[in-house]
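Visitor: pasting the sequence and the predicted model now:
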Amino acid sequence: MTTDEQWKSVKVRTDKLRDALLILGQFPGTNSIYLIKTVIDPLLKRYDDGERTKLLYDEMMALE
């Protein structure tokens, strides 16, 4: 079972990755916005909607 502390940690990691990709997206020839909109934002929405499944946790952990 995933603890509240583990959930907080994976949320922080996912937010930091999203922020880094936003910065990267400012450089010519990068398409990080696509990755954010198709992969990261849907995961964060599930998290924000209250989902706390092993599948979501594993998917968020696998981002890096």
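Guide: Thanks, I have the structure now.
Visitor: L56 contacts D48, correct?
Guide: No - contact status for L56 versus D48: not in contact, 11.1 Å apart, counting by C-beta atoms under 8 Å. Every C-beta, even on glycine, is put in place using the N, C-alpha and C of the backbone.
Visitor: could you say what helices and strands the helix-or-strand element of the chain with minimal mean pLDDT packs with?
Guide: Among the helices and strands of the chain, helix 32-35 carries the lowest confidence by mean pLDDT, DSSP states H and E, at a mean of 93. Applying 3 or more C-beta pairs under 8 Å, 6 or more residues apart in numbering; DSSP states H and E, one finds that helix 32-35 contacts helix 4-24.
Visitor: what residues of the helix it packs on count as buried?
Guide: Using 16 or more other C-beta atoms under 10 Å as the test for burial, helix 4-24 gives 10, 14, 17-18, 21.
Visitor: what's the answer for stretch 46-62, then?
Guide: Result for stretch 46-62 [16+ other C-beta under 10 Å]: buried residues 46-47, 56-57, 59-60.
Visitor: in helices, which of the residues you listed appear?
Guide: Using DSSP state H, the subset of those located in helices is 46-47, 56-57, 59-60.
Visitor: about what we covered before: which one of the buried residues of stretch 46-62 is nearest Q6?
Guide: Set against Q6, the nearest of the buried residues of stretch 46-62 by C-beta to C-beta is Y57 (7.2 Å).
Visitor: where's that closest one relative to D48, distance?
Guide: Per C-beta to C-beta, to the nearest Å, Y57 is found 14 Å from D48.
Visitor: hmm, who's touching the least confident helix or strand of the chain?
Guide: Contacts to helix 32-35, defined as C-beta atoms under 8 Å, 6 or more residues apart in numbering, come from residues 21-22, 24-25.
Visitor: would CSV of the residues you listed with pLDDT and distance to K37 be doable?
Guide: Listed next are the contacts of helix 32-35 as CSV, based on pLDDT from 0 to 100; distance: C-beta to C-beta, whole Å:
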residue, pLDDT, distance to K37
L21, 95, 10
L22, 95, 11
L24, 93, 14
G25, 91, 11
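Visitor: and these, which two are furthest apart?
Guide: Longest span within the contacts of helix 32-35, C-beta to C-beta: L22 and L24, 7.3 Å.
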